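From the sequence below, what's the structure:
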Amino acid sequence: MMIRGMKMQLSRRTGRLLGAGLTVAAVLAAAACSVEADPGSKSSGAAECGTGKEFSIGMSQANNAEPYRQVMNDDIKRAAKKVKGFSVTVSDAAQDNSKQVSQVEDFITQQVDLLIISPNEATPLTQVVKKAYDGGIPVIVLDRKVDGDAYTAFIGGDNTAIGKAMGEYYATTMLPDGGRVVEISGLAGSTPAAERTKGFADGIKSNPKVKIVESQSGEWLREKGQSVMDTVLKSNPDIDAVYSQNDPMAEGAYLAAKSAGVQDKIKFTGIDGLAIASGGIKAVQQGRLQATYVYPTGGREAVELAKQILVDCKSDVEKDTTLPGELVTKDNAAEVYTKLGGS
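This next block holds a predicted model:
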């Protein structure tokens, strides 16, 4: 080890002047500090952890247009109000990578005590997340991932498993005799979109009669899902089902099919399963969607983890937390809605 070698050299040079010895000792001290430094620890300019203190949390949201993200923001704000000293500022990237990078840069400049981020896309946000983390700001990555592991913790669902569960539902229950399926995926470049696509393809393998005839991105947005479905129906009018990677796009696809007068011939599924009046669980109960899958926002869990880091001074938090979900059909929709606190 370099430091040990320096100490041995120092011991052999006992005849040198005291001033030179002090210089070497100073080098040793600096080297030891650099070796022990934790890249994820708080910088000296930020507030130290502990009770009875004020902490600022920056929440960098990919967009506020999706109902799922609005609920996530609300979950974070409500949970933060229950922690004395916590204040949360939410920024809206509006699905713009450059804007989100700039907003995170602003949080770094403001020296927030902790950053929560749900990245619009993984790769474009990786470096600025690393910059915050390396600069001493604890970073909780929520729902969508970044590349690498330069962050304090990730909280989210297992999107590959969710996609696979939906695929298996198609293969065994919804389309046991096979069928032509259109996939409406999320924003290209976001990890849930890629993982839900992969999982679904794996899930339908057990039934070779279930075939994906077209896949297009609806960018997670209802109006985009409707536009995609309008186009799809022109080229593929004889489809049996729409696998949508979230509930708003599924609702948009349903509206497009209804406009074409074919909504009763096609089965629609989504993912999110929000327990709100306009959410996917109600859409299942009301018959527009055949099924959805509960995808927890992780907002409450992120604030609890922030409390462990900032208030409880816990340094050994879990690096990855996978949140459980649940398939929702007409058989259990009312029960799940109540269980999740819907009213």
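
hey, where'd the helices end up in this structure?
2-12, 18-36, 67-81, 97-109, 122-134, 159-169, 191-203, 222-235, 247-259, 280-285, 299-310, 333-339 (DSSP state H).

Can you convert these into JSON lines and add a column each for mean neighbour count?
Glycine gets a C-beta too; all of them are placed from N, C-alpha and C. Below are the helices of the chain laid out as JSON lines (neighbours: other CB atoms under 10 Å):
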{"stretch": "helix 2-12", "mean neighbour count": "10"}
{"stretch": "helix 18-36", "mean neighbour count": "11"}
{"stretch": "helix 67-81", "mean neighbour count": "19"}
{"stretch": "helix 97-109", "mean neighbour count": "17"}
{"stretch": "helix 122-134", "mean neighbour count": "19"}
{"stretch": "helix 159-169", "mean neighbour count": "22"}
{"stretch": "helix 191-203", "mean neighbour count": "21"}
{"stretch": "helix 222-235", "mean neighbour count": "19"}
{"stretch": "helix 247-259", "mean neighbour count": "24"}
{"stretch": "helix 280-285", "mean neighbour count": "25"}
{"stretch": "helix 299-310", "mean neighbour count": "22"}
{"stretch": "helix 333-339", "mean neighbour count": "16"}
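
export those helices to TSV and tack on mean pLDDT and distance to residue 143?
Output for the helices of the chain, formatted as TSV (pLDDT from 0 to 100; distance: least, CB to CB, whole Å):
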stretch	mean pLDDT	distance to residue 143
helix 2-12	34	42
helix 18-36	36	34
helix 67-81	97	7
helix 97-109	98	14
helix 122-134	98	12
helix 159-169	98	9
helix 191-203	97	7
helix 222-235	96	19
helix 247-259	98	15
helix 280-285	98	16
helix 299-310	98	9
helix 333-339	97	20
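
now the ones you listed as CSV including distance to residue 211?
Formatted as CSV, these follow (distance: least, CB to CB, whole Å):
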stretch, distance to residue 211
helix 2-12, 61
helix 18-36, 57
helix 67-81, 29
helix 97-109, 34
helix 122-134, 29
helix 159-169, 12
helix 191-203, 11
helix 222-235, 14
helix 247-259, 18
helix 280-285, 24
helix 299-310, 37
helix 333-339, 28
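
For residue 59, see how far away the residue nearest the centre of the chain is.
Geometric centre of the chain, nearest residue: residue 143, 1.3 Å, by CA atoms, centre = their mean. Using CB to CB, to the nearest Å, residue 143 is found at 12 Å from residue 59.

And for residue 177?
Residue 177 is 46 Å from residue 59, by CB to CB.

What residues does residue 112 make contact with?
For residue 112, the contact set (CB atoms under 8 Å, 6 or more residues apart in numbering) comprises 56, 57, 58, 89, 137.

what does residue 189 give?
With CB under 8 Å, 6+ apart, residue 189 has these contacts: 120, 121, 122, 123, 124.

how does it look with 6 Å?
residue 121 (CB atoms under 6 Å, 6 or more residues apart in numbering).

next one: residue 327
165, 293.

More neighbours: residue 177 and residue 59, which one.
Set residue 177 next to residue 59 and count neighbours by other CB atoms under 10 Å: residue 59 wins out with 27 against 8.

Tell me who's in contact with that one.
76, 88, 90, 116.

ok, and the most crowded of these?
residue 116 (29 neighbours).

Next one: it from residue 57, what distance?
For residue 116, the distance to residue 57 - CB to CB - is 6 Å.
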